[in-house]
Structures are given as C-alpha cells and as structure tokens.
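[1] Can you look at this prediction? I've put the sequence above it.
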Amino acid sequence: MRARIGDGWRDVLCRSLNYPDTIRGTEVGWAIIDETAGTTKDAVDIINARVRATEQPLNQILYTSTVDDPTHWMHEMFVEKFSPEVMKVVYATSYDNPHLPREFVESLKATYSDRQFQREVLSKWVSLSEGLIYYAFDRSIHVDEAAEYDDALPVIWSHDYNIGENKPMSSVLMQLKRGYSPAGKARREVHAFDEIVIDSADTNDAADEFEGRYGDVIPRSSVTICGDASGRSRDTRSKTSDYGILANRGFTVQNVPMANPPVRTRHNRTNATLKSADGDIRARIHPRCKTLLKGLETVRLKPGASYVELETREQHVTTAFGYAVMAVMPDESRRVSSGGRLVGVAS
C-alpha cells in the first residue's frame, strides 16, 4: 500500500513477525512494531537489520508494547542496555490515557492481581510469578470448610486431560456463590468443594468416581462440564473424545472453548480471582481438595521460562481449576485498549 507521509508518498509494507524471514531482502527507512512483547528477539533483529534505506532522511524504529517480565528480552533492550544517545523510552500508564475515566482505571483493581495491576496499568517491569505461579494463594485465607456443596446451586466440573507417568486424571468440582467485596459490593466467587484426581485412569474412571461420590446427590442436569479444550479431539484410553465420553455418561451440558486460553492469561486470571489488587478474595477451597491446595502452594514455572509450567502431579488439577476460572469469572481488563504501555523509539 501507499501512504502520504510528510511531503510525499511512500510505500508501506505490512508484515507479520510470525514469519520474519519474509522481511529478509527488504530495505526500509522506518518500521513500527506493535505488541513487541509478543514477538521474538530474532524477529526484531531482522527488522533492525533491514531499516537502512540510505535515501531516507532518518532511519527509525517505533516499538509499542505492554511491559513484561524483567526476564523478557525487551527488558535487556530498553532497561539494561538503555542508551539515551540512540533511543527514547516513554512509559504510559492507564491513568495517562485521557479516554479512560479514572474511576474505570481504579475499578481494574477489582479484576487484576496486585502485580498484574502494576504491570498492566502502571507500566512497571514486574514479575507475575517469580517462579511460583499462584503467588496470590494463601492457605490461611482461601481454605474454608464453608466451601461445601450447595444443592440449590448448579455445579461446574472442570477437567484437565493428560496421559503418562505422574499425569493423573485431574478435575475439580466447584460452584459460583454470592459474596461481597471489601467495599460491600455483591459479586460472585468460586467455591471448590471437591477434586477427583486418579492415577492411571481414563475419563470413564473419573465419571465412575463422580457417580460413586455424588450419583445420588448431584443431578447430572445441574452439572456444566468445562476444561481442557484438547479433550474435544483426543481421548485418553478410547476412540471417543473425552467430552464425548462424559456426554454419553449423561453430562451433556458442556462449556468448552475451541482452544485453550493463553497460559499466562489463565495464570493472571486465577491470581486475580484468588486476590485482586484491591484485596478482594473471590475463591474459597474446601480442605478436602488436598491436591489442589498443595498445587496452588507449590506449582512453579520451568527454570528460565516466562509461562511454561513445571509438570508435577499437582500441576494438572491447578490447571483444571484455572480453566474453570476462565470459564466463569469475568475479565473486565479486556476493556482496556491502551495504557500501561511502553513506547520505545530507536534510531
């Protein structure tokens, strides 16, 4: 495409950095890279090498992005190796956005965890995990015997599907209950009242276990199935999909996405539900959920990874819990289109 820039017309090339090799062989005078955190350093290096058109009065690159973990390659580029002679870095918070009412920005404290608020709204280089994924969990706060099954409320049964050693069939049973924020505002909160974690088992075994515990107590029609999207297409031990097995066993109400949410998004939403930036606790877990509780205390990232989970026996039921949170808890943060951003210009 062509665009009028300054006193003349210029060719504008639009390229995806998912395929950086398509940029090789091209010389440009300037470039704009949006959502820089979502691309790789190798792709950015290719762009840097192509911004060299000598006929242009100025060779310049504009980077825009939400800030990320201090271990992200952007931190090295814009902080550790920051050079005022060749670049300018501007940190814009959500409060700086004139199109966002201040009361709306303040309301994000109810849906973000404290660290996520610092990063997404205040544009701080903050680690959301520091290795431990569910940093917002506190056994003294979240373990609650009142998080018991209520026969007046529907049930959410969330699953994570796995095959292999140390990968048990893992699921969590929970309900949405009415609660109140620290400010006295009514809102929903999740109450996990049981878990089904079975080693060397398949989906039929999980359904058998449910029937053994709750077959005479919880009507199947009151249960909504959610969880791992991969269960749509593959199975653990049979030719039928995992969700097909559950449907054949009478669990026909299902709310399963076509694809799993990004891992980091699931982590952030779970932490914000456990404890938001304004101190609101929207999750309660019954002490019988022993594997889930241990997982929330111990599940960590793989060394050197920004979001990949270190696989343990407990990791799978925490994932099932996170899938349920993603399915039933609101995400007001998606209404923020700008703010909490880094804008970097390198020339």
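    Sure, I can see it.

[2] Which parts of the stretch 201-347 of the chain are helices?
    Assigned by DSSP state H, counting those that start in this stretch, the stretch 201-347 of the chain shows helices spanning 203-214, 242-248, 263-274, 290-298, 315-328.

[3] OK, contacts around Cys289?
    Applying CB atoms under 8 Å, 6 or more residues apart in numbering to Cys289 gives the contacts 172, 192-195, 317. Every residue, glycine included, has its C-beta placed from N, CA and C.

[4] Can you list which of the residues you listed are found in strands?
    If you go by DSSP state E, the contacts of Cys289 have 172, 192-195 in strands.

[5] And stretch 221-229, end to end?
    One end of stretch 221-229 to the other measures 21 Å (CA to CA, to the nearest Å).

[6] can you check stretch 139-155 too?
    End-to-end distance of stretch 139-155: 23 Å, with CA to CA as the criterion.

[7] ok, and what's touching that stretch?
    173-177, 191-194, 214, 217-218, 222-224, 274-275, 281, 283-287, 293, 296-297.

[8] Look up the closest residue to Lys167, ignoring the ones flanking it.
    In space, and not counting its chain neighbours, Lys167 is closest to His316: 6.3 Å by CB to CB, 6 or more residues apart in numbering.

[9] could you dump the contacts of Cys289 to JSON lines with neighbour count, distance to Arg52 and pLDDT?
    Shown next, in JSON lines, are these (neighbours: other CB atoms under 10 Å; distance: CB to CB, whole Å; pLDDT from 0 to 100):
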{"residue": "Val172", "neighbour count": "29", "distance to Arg52": "54", "pLDDT": "98"}
{"residue": "Ala192", "neighbour count": "27", "distance to Arg52": "56", "pLDDT": "98"}
{"residue": "Phe193", "neighbour count": "20", "distance to Arg52": "62", "pLDDT": "98"}
{"residue": "Asp194", "neighbour count": "20", "distance to Arg52": "62", "pLDDT": "98"}
{"residue": "Glu195", "neighbour count": "23", "distance to Arg52": "58", "pLDDT": "98"}
{"residue": "Val317", "neighbour count": "30", "distance to Arg52": "52", "pLDDT": "96"}
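
[10] Can you show me the strands along the stretch 101-250 of the chain?
    Secondary structure of the stretch 101-250 of the chain, counting by DSSP state E, counting those that start in this stretch: strands at 155-160, 169-180, 186-198, 223-227.

[11] Deepest-packed of those strands, please.
    strand 155-160 (a mean of 26; mean count of other CB atoms under 10 Å).

[12] Can you list the low-confidence ranges for the stretch 151-300 of the chain?
    Applying pLDDT under 70 to the stretch 151-300 of the chain flags the ranges 163-166, 234-238.

[13] ok, now which ones touch the most centrally placed residue in the chain?
    Centroid-nearest residue in the chain: Thr265, 0.9 Å away (criterion: CA atoms, centre = their mean). Residues in contact with Thr265 (CB under 8 Å, 6+ apart) are Met326.

[14] where's it relative to Gly322, distance?
    Distance, Thr265 to Gly322, using CB to CB, to the nearest Å: 9 Å.

[15] Spell out the secondary structure type for Asp68.
    With DSSP: H, G, I helix; E, B strand; the rest coil as the basis, Asp68 sits in coil.

[16] Looks like it contacts Trp125 (just checking).
    Yes - using CB atoms under 8 Å, Asp68 makes contact with Trp125 at a distance of 7.5 Å.

[17] Those two: which has the busier surroundings?
    Asp68 (21 against 18; other CB atoms under 10 Å).

[18] ok, now how distant is that one from Ile245?
    Asp68 is 39 Å from Ile245, where distance means CB to CB.

[19] Where does Phe82 fall, secondary structure wise?
    Using DSSP states H and E, Phe82 sits in no helix or strand.

[20] Is there a neighbour count for it? I'd like the number.
    Close neighbours of Phe82, defined as other CB under 10 Å, add up to 14.

[21] That one: what's it in contact with?
    By CB under 8 Å, 6+ apart, the residues touching Phe82 are Val89.

[22] How much space separates it from Phe321?
    Taking CB to CB, one finds Phe82 at 40 Å from Phe321.

[23] for Met87, same thing?
    Distance from Met87 to Phe321, counting by CB to CB: 42 Å.

[24] Just want to know which of those two has more residues nearby.
    In terms of neighbours (other CB under 10 Å), Phe321 is the more surrounded of Met87 and Phe321; the figures are 31 against 17.

[25] hang on, the more buried one packs against His267?
    No - Phe321 is beyond contact range of His267, at 11.4 Å (criterion: CB under 8 Å).

[26] helix, strand or coil for Asp45?
    Here Asp45 takes the helix state, with states given by three-state DSSP.

[27] Just the local confidence number for it, please.
    Note on Asp45: pLDDT of 88.
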